Every structure is written in structure tokens, then in C-alpha cells.
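Enquirer: I would like the atomic coordinates for the input below:
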Amino acid sequence: MPSSWQALQRGESVRERRRALERAHERFVSTAAGAPLHDPDAELELRERFAATPGMRAFVLDSWLRSQRGTIHPDRVLERPALDDAALEELRRIHPLSSVLPVIRRLLFDEARESGLIVAVGDAGGRLLWVDGDTRLRTRAAEMGFRAGMDWSEHSVGTSAPGSAIELDQALQVLGAEHFSRAVHEWSCTAAPVHDPLSGEILGVIDVTGGDSAASPHLLPLLQATLAAIEAELQLARLRELLNPPRPAAASELGGSEARWEAPAPVDSASAGARSVPGPAAQDPAREGSDPAPMLRVLGGEEPTLAWGAGTAPLTGRHAEILLALADAPGGCSAEQLAEEVYGRADAEQTLRAELVRLRRWLAAAAVPLGLRSRPYALDRPLVIDAAVALDRLDAGEYAAALDAYAGPVLPASAAPVAERLRGELDATLREALLERADPEQLFAYAQRWAASDAHVWETLLQVLPAASPRRAHAVAKLEALRADR
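Expert: Sure, this is the predicted structure:
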């Protein structure tokens, strides 16, 4: 564990330590400003130059180097976009630490108010969810962006106790100018990550912020005792769940809550072969005779749509990507996994959570019979994907039906890994199936609509067309034009 700033050199005062850190920070910032980004040699030179600086702790220097590499500006305004009230409330509602807030309040919040400190609870990405403590200090801290809904991860603000504690997965203290941003130099803080007692995964972070006293030696044991109490409470809650699993809720008991599972409806015969998400209660007979499963249409250049028994509505590309990723994970997935599938980056989970709030709102407003569940993220009933229907028809040898269903590539403008994967699989399968079958009518329709520049398709078509077919001239002309363009 990084040592406290209170481990001063003999005869050194807190004021002297602060000044030494400010000088070191100023030298680092001015030196690093001229260094090329992402250059290992330049970074090694910076590390060697500042490692011997009196009072410089290794984890702080490492964090400064990460901040510089991430193009964090030391004088940047910390007023970053915050979650709106609705998104913040939803994130608080679904976050596992919400269940242990009474423990945190009893052990930290009340004492912080009396001691002139602030206590913040954040999620695993560094997003602050709850901030409490001294009222006057909270007002001052809010002016620099330290308030609920704001992102205090290292990639957003550089070195800070909550962000660096998550980054290093350990408790630590940060004093004054050890923060990378100058706006935070008057503050000190102590923070520690909270772990899932069963999986060991980071659930969030607890931070104590204030003046010099916020990094005093006694705070680390207090914080660690709080963590032990929190993790014990979480473990007890998990054991209660295992011993007393929730019974299926009747429709009258659901009360419209988005956080509860409903039993999914059976898929209609027209889409029985389609790949979909069954949900954990797919066989519940309570839903017999209900509407067919909704269908997500992602094929073609038009905007994606969601169709269900009562209607059809357009979706944003991002919402379609999220639904596509959830439909590809029957057992559900974590926020990190879902962010990787949708954004291509596991560290985009905070952006993802805000988007999930908007998607839930949209589904409710449109009265779509489809809900999202958290922990893990999953759909609460089957969702049929038109691209998956086309793939299943190809697998069944129904080539004409597959070709009719194919309206173009999957979300052609999307760079989401889940969309790119399904797009590549369907396009390659359709092409190979039609080439292998070599049916002249189907291959000609495919070549005209979807393979205009694919010379191999036109060559195969020329081989299988009857000698007297008027389409041979079209194929010959197309091949000559393609060869001329090479």
C-alpha cells in the first residue's frame, strides 16, 4: 500500500512537503509538455528524471505519467458533463452499494459532517454516486466538479484518490499537489476500492476528501474497517439470496418495476428458428398465449426498428447495438462485457449505463413488451433478430427465403464489435451458400443487388447460366467492366 503523506522526512513540515510537491509538479508538467506522447523512450526519460525527486512517491509518478499519456491537461476545467438526475437515480438504484448505504452512513457520513470532511461513494468506473459530509466543504468541492454524477476516474481527471485507488486496486492517500490537476491542489484525500466478497471484482470506491486531515494516518484504518463491514454485509446478502431464492412474481405484483423479471413469451411459429434470448423464466406457463416475441430489424441501410405485436418504432443506432449485444448473450453480461461489445472499450461502461437508462425510458414510453435486467444485464424475454432469422434459414437450406429476408448488411454504419461480427458472419455465409448452391436465378438476384463488384460471383454466374440465357450478356459486360477497373 502506498504510504501516507504524513511519513515526512525528519524535520519536514506539512507546509514544506506541500511546497516541495508543488515544485515537483510544476517541473514535471513543464518538462512533459514538450515530450512526445506515447513514446516509450520519452516516458522512460521522464521516469528516470523524476524518480529521485525528494518526496516523490512511485505510485504518484506512475499516475502522472498515465495522465500525461492520456493527454489530461493540468489546467483543464474539471466541469465535465455529469449524468442527468434521472440517469443518476437509475444508476444509484441498480448499483450493488446502494444496499449497504446505511453501513457507510453510520460509519463515515455522520463522522465526516462533524469532522469537516466529505465522503464520496463511486462506482467501479470512478463515477461519484453519493457525496455527503460537511455542507460548506461540499459546496466548495462542487465548484470544481466533485459532486454526484461526475466522473473522477484517472482517464478523466488524472491523479486523484478515488480514480487512482481504482486504477491500482488498493487503498491510498493523495496530498495537495500530488493531484495532477491544479484545481485540486488545495485538497487531500484517502480512498479505497470496494470488492465483491465472492468474485473479488471491484464494485466501487469510497473516498474521504478535505484539507490535510483527509490524508491523516488514522483515516486508512477507519476506511479499511468500513470496507470490512461493507463486504461482510454484501456477503450476508448473497447468502440470504442463495438460501431464500425469490419466487416468480405474479403480474399483479410487478407494479411496473423495471428491475423485476417477467416470464418471457413463446416465439411464434414464423420465427421459431430465429436466434433469440430465452430469459431465465422462458418456460413459465403464465405467459402462454401472449404476444409473439419482439423483433429487432437491423438489416439494410434504413434506420433500425423494433417491431412487436402492437406496433413498430425506429431505434437509434446505439440502442440497436445494445439490444443486439444483449441478444447475443443469453446468460446476460457484465457492464464491462457489454461496453466492450457496444463501444469496443471495456472502460466505456459509464457511458453505457447512461445509455441504458435512456433505452429503458424509450421502451417504457413506446410500451414495448421488452425490459432490461441488471446484475447481469440481460433481456427479460426473447428478442428475435432479423439477421439471425436469415442465418437460420441459410442453415436450414432455405436459400430463397434467406435471400428475400436479406435487406442489406447489419447496421452498415456501426463500428460496434457485436454488429461487425454478425454483419461479417451473415454476409460471408450468404455469399458462400449461394456460390455453392449455384442456382442461376438466386445467384443473379444476389449479384445484382449485393455483389455488383464481386468478380468471383459474376464468374460463377456466367458458368451456371444456361447458354441461351439473355442474362449471359449482362454477366459478360459486368465482368469486362470489373476487369477494366483493376
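Enquirer: from now on I want contacts and neighbour counts done on CA atoms only, so please keep to that.
Expert: Fine.
Enquirer: how many neighbours does L203 have?
Expert: 18 (other CA atoms under 10 Å).
Enquirer: tell me the secondary structure at it.
Expert: strand (DSSP: H, G, I helix; E, B strand; the rest coil).
Enquirer: pretty sure it is touching S98, no?
Expert: No: using CA atoms under 8 Å, L203 is not in contact with S98, being 11.0 Å away.
Enquirer: what ranges do the strands span in the stretch 201-350 of the chain?
Expert: 202-210, 295-297, 305-308, 311-314 (DSSP state E, counting those that start in this stretch).
Enquirer: including distance to R240, could those strands go into a markdown table?
Expert: What follows is those, written out as a markdown table (distance: least, CA to CA, whole Å):
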| stretch | distance to R240 |
| --- | --- |
| strand 202-210 | 19 |
| strand 295-297 | 37 |
| strand 305-308 | 38 |
| strand 311-314 | 41 |
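Enquirer: now render those strands as TSV, adding mean pLDDT and distance to H185.
Expert: Listed next are the strands of the stretch 201-350 of the chain as TSV, based on pLDDT from 0 to 100; distance: least, CA to CA, whole Å:
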stretch	mean pLDDT	distance to H185
strand 202-210	93	11
strand 295-297	93	50
strand 305-308	91	50
strand 311-314	88	48
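Enquirer: show me the contacts for the residue nearest the centre of the chain.
Expert: Closest residue to the average C-alpha location of the chain: E349 at 2.1 Å, with CA atoms, centre = their mean. By CA atoms under 8 Å, 6 or more residues apart in numbering, the contact list for E349 reads G125, A335, E336, L338, A339.
Enquirer: ok so, going back, give me whichever of the strands of the stretch 201-350 of the chain is most buried.
Expert: A comparison of the strands of the stretch 201-350 of the chain by mean neighbour count, using mean count of other CA atoms under 10 Å, puts strand 202-210 on top with a mean of 25.
Enquirer: coming back round to it: which pLDDT value belongs to the residue nearest to the centre of the chain?
Expert: E349 carries a pLDDT score of 80 in this model.
Enquirer: how about it, nearest residue that isn't a chain neighbour?
Expert: In space, and not counting its chain neighbours, E349 is closest to A339: 5.2 Å by CA to CA, 6 or more residues apart in numbering.
Enquirer: ok, the one you found to Y377 distance?
Expert: 11 Å (CA to CA, to the nearest Å).
Enquirer: neighbour count: those two, which is higher?
Expert: Just comparing A339 and Y377: by other CA under 10 Å the higher neighbour count belongs to A339, 24 against 18.
Enquirer: the more buried one reaches E355, doesn't it?
Expert: No: counting by CA under 8 Å, A339 sits too far from E355 to count as a contact (10.6 Å).
Enquirer: so H73 touches S181, yeah?
Expert: Yes: between H73 and S181 there is a contact under CA under 8 Å: 7.2 Å.
Enquirer: neighbour-wise, which of these two wins?
Expert: Ranked by neighbour count (other CA under 10 Å), H73 and S181 place S181 first, with 23 against 18.
Enquirer: check contacts around the spatially closest residue to the more buried one that is not a sequence neighbour.
Expert: Excluding its sequence neighbours, the residue lying closest to S181 (CA to CA, 6+ apart) is P74, at 4.2 Å. Counting by CA under 8 Å, 6+ apart, P74 makes contact with V29, F180, S181, R182, A183.
Enquirer: three-state assignment of P74?
Expert: P74 is classified as coil under three-state DSSP.
Enquirer: coming back round to it: filter the contacts of P74 down to the buried ones, ChimeraX style.
Expert: Burial among the contacts of P74 is assessed by 16 or more other CA atoms under 10 Å; the matching ChimeraX selection reads:
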select :29,180,181,182,183
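Enquirer: export the contacts of E349 to JSON lines and tack on pLDDT and distance to L117?
Expert: Below are those laid out as JSON lines (pLDDT from 0 to 100; distance: CA to CA, whole Å):
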{"residue": "G125", "pLDDT": "87", "distance to L117": "23"}
{"residue": "A335", "pLDDT": "88", "distance to L117": "32"}
{"residue": "E336", "pLDDT": "89", "distance to L117": "32"}
{"residue": "L338", "pLDDT": "93", "distance to L117": "36"}
{"residue": "A339", "pLDDT": "91", "distance to L117": "34"}
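Enquirer: so which of these wins on neighbours?
Expert: L338 (27 neighbours).
Enquirer: just checking, that one touches A325?
Expert: Yes: look at L338 against A325 with CA under 8 Å: they come within range, at 6.8 Å.
Enquirer: list the buried residues of the longest helix along the chain.
Expert: Identified as the longest helix of the chain according to DSSP state H is helix 219-243. For helix 219-243, the neighbour count (16+ other CA under 10 Å) marks L219, L220, L223, Q224, T226, L227, A229, I230, E231, E233, L234 as buried.
Enquirer: show me what that helix is packed up against.
Expert: When contacts are defined as 3 or more CA pairs under 8 Å, 6 or more residues apart in numbering; DSSP states H and E, helix 219-243 packs onto helix 101-104, strand 188-195.
Enquirer: what's the most buried one of those?
Expert: The most buried one of the helices and strands packed on helix 219-243 (mean count of other CA under 10 Å) is strand 188-195, showing a mean of 27.
Enquirer: for that strand, packing partners?
Expert: helix 161-168, strand 172-175, strand 202-210, helix 219-243.
Enquirer: looking at those, which is closest to G371?
Expert: Each of those has some distance to G371 by CA to CA; the shortest is helix 219-243, at 22.3 Å.
Enquirer: nearest to L359, of the helices and strands packed on helix 219-243?
Expert: Of these, nearest to L359 by CA to CA is helix 101-104, at 27.0 Å.
Enquirer: next SSE after the closest one?
Expert: Using DSSP states H and E, the next helix or strand after helix 101-104 towards the C-terminus is helix 110-115.
Enquirer: separation between R66 and R127?
Expert: 19 Å.
Enquirer: okay, the two: which has more neighbours?
Expert: Set side by side, R66 and R127 show more neighbours around R127, with 26 against 18, by other CA under 10 Å.
Enquirer: which one is the more buried one nearest to, not counting chain neighbours?
Expert: Nearest residue to R127, sequence neighbours excluded (CA to CA, 6+ apart): D151, at 4.2 Å.
Enquirer: and the one you found, how many neighbours?
Expert: By other CA under 10 Å, the residues close to D151 number 27.
Enquirer: okay, it: pLDDT?
Expert: 90.
Enquirer: hmm, it is touching A124, no?
Expert: No: if you go by CA under 8 Å, D151 and A124 don't touch, sitting 10.7 Å apart.
Enquirer: how many neighbours does A402 have?
Expert: Counted with other CA under 10 Å, A402 comes out at 20.
Enquirer: quick check: which element contains the closest residue to it other than its chain neighbours?
Expert: In this structure, A402 finds its nearest non-sequential neighbour in A390, 4.8 Å apart by CA to CA, 6+ apart. Using DSSP H and E, A390 maps to helix 386-395.
Enquirer: out of the helices and strands packed on strand 188-195, flag the one nearest D62.
Expert: Among the helices and strands packed on strand 188-195, helix 161-168 comes nearest to D62, with 10.1 Å by CA to CA.
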